[in-house]
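Participant: Coordinates only, no sequence provided:
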């Protein structure tokens, strides 16, 4: 099935160039130049990935991502002129799967889009695989990419799902940052910021912990390793 992307970018020339390139690569593309248009688009259909500018005429892409993450795990790639570490970490912290700064090289842009889509595909279990992982009220339905805690559903991004599945599949094992990167970003790790793993660990912890500042399930150990205590 051809991936269908939502491109949210208000710069007309850049929007046309990106859309043309994506279509040349075989993607279906729906365009939006305003937050309102993007919200209408996601309400009307499901997308495989969203390319999202941060500064838009009627709002902020970070705020749109925050609202979307309450109900959707659609991969989001931020596209913005800001290359500050604070903004990059914020974008990842809010649920973004990647953060590309302008100006950018088209081949790198396409490579990173495809890497996120491959991670999305890899996160889906093979047909007939209905593994359920459980730990202290948490139930991870791998076939549905769905997490519940005491019966309440918790939305996860693709990266968060794969991270949690990795940790729950290795109870009490110590996993280094390099091992996590290799598992989650086999073909996209070259572009990762050093804070990416820590940001995703913190974001996941805030979703699953009763008291995120006093975590009981994910423990950081010497050497930047992480241990699941479930």
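Facilitator: Sure thing, it's come through. Computed from a prediction, not measured in an experiment: that's the story for all the values here.

Participant: residues in contact with the one helix or strand residue 50 maps to?
Facilitator: Using DSSP states H and E, residue 50 maps to strand 49-53. If you take CB atoms under 8 Å, 6 or more residues apart in numbering as the criterion, strand 49-53 is touched by 3, 5-11, 18, 38, 42, 61, 64-65, 68, 74-80, 96, 113, 116-117, 120. For glycine as for every other residue, the C-beta is placed from the backbone atoms N, C-alpha and C.

Participant: what do you get for stretch 69-77?
Facilitator: 42, 46-52, 65, 68, 94-100, 112-113, 116-117, 119-120, 145, 155-158, 160-161.

Participant: Out of those, which end up buried?
Facilitator: Among these, those buried by neighbour count (16 or more other CB atoms under 10 Å) are 42, 47-52, 65, 68, 94-100, 112-113, 116-117, 119-120, 145, 155-158, 160-161.

Participant: now the strand holding residue 50, how far from the centre of its chain.
Facilitator: Chain-centre distance of strand 49-53: 11 Å, with CA atoms, centre = their mean, to the nearest Å.

Participant: So in that sheet, which strands flank it, and in what orientation?
Facilitator: If you go by DSSP bridges, strand 49-53 pairs up with strand 4-8 (parallel), strand 76-80 (parallel).

Participant: how about stretch 174-182: buried residues?
Facilitator: Neighbour-count burial for stretch 174-182 [16+ other CB under 10 Å]: 175, 177, 180.

Participant: Looking at those, which are in helices?
Facilitator: 177, 180 (DSSP state H).

Participant: quick revisit: ChimeraX command to pick out the buried ones of the contacts of strand 49-53?
Facilitator: To isolate the buried members of these in ChimeraX, using 16+ other CB under 10 Å:
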select :3,5,6,7,8,9,10,18,38,42,61,64,65,68,74,75,76,77,78,79,80,96,113,116,117,120
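
Participant: At the geometric centre of the protein, which residue do we find?
Facilitator: The residue lying closest to the centre of the chain (CA atoms, centre = their mean) is residue 97, at 3.1 Å.

Participant: Out of the strands paired with strand 49-53, which gets nearest to residue 90?
Facilitator: Closest approach to residue 90 among the strands paired with strand 49-53 (CB to CB): strand 76-80, 9.5 Å.

Participant: Distance from the chain centre to that closest one, please.
Facilitator: The chain centre lies 11 Å from the centre of strand 76-80; the measure is CA atoms, centre = their mean.

Participant: report the longest helix in the protein, please.
Facilitator: Using DSSP H, we find that the single longest helix of the chain is helix 106-123.

Participant: what does the average pLDDT come to for that helix?
Facilitator: If you average the pLDDT over helix 106-123, you get 83.

Participant: Need the contact partners of it.
Facilitator: In contact with helix 106-123 (CB under 8 Å, 6+ apart) are residues 3, 5, 18, 21-22, 25, 48-49, 51, 75, 77, 97-98, 100, 145, 158-159, 161-162, 165, 184-188, 191.

Participant: Partner strands of the helix or strand just after it, with direction?
Facilitator: Once the chain leaves helix 106-123, the next helix or strand it forms, by DSSP H and E, is strand 132-135. The pairing partners recorded for strand 132-135 under DSSP bridges are strand 138-141 (antiparallel).
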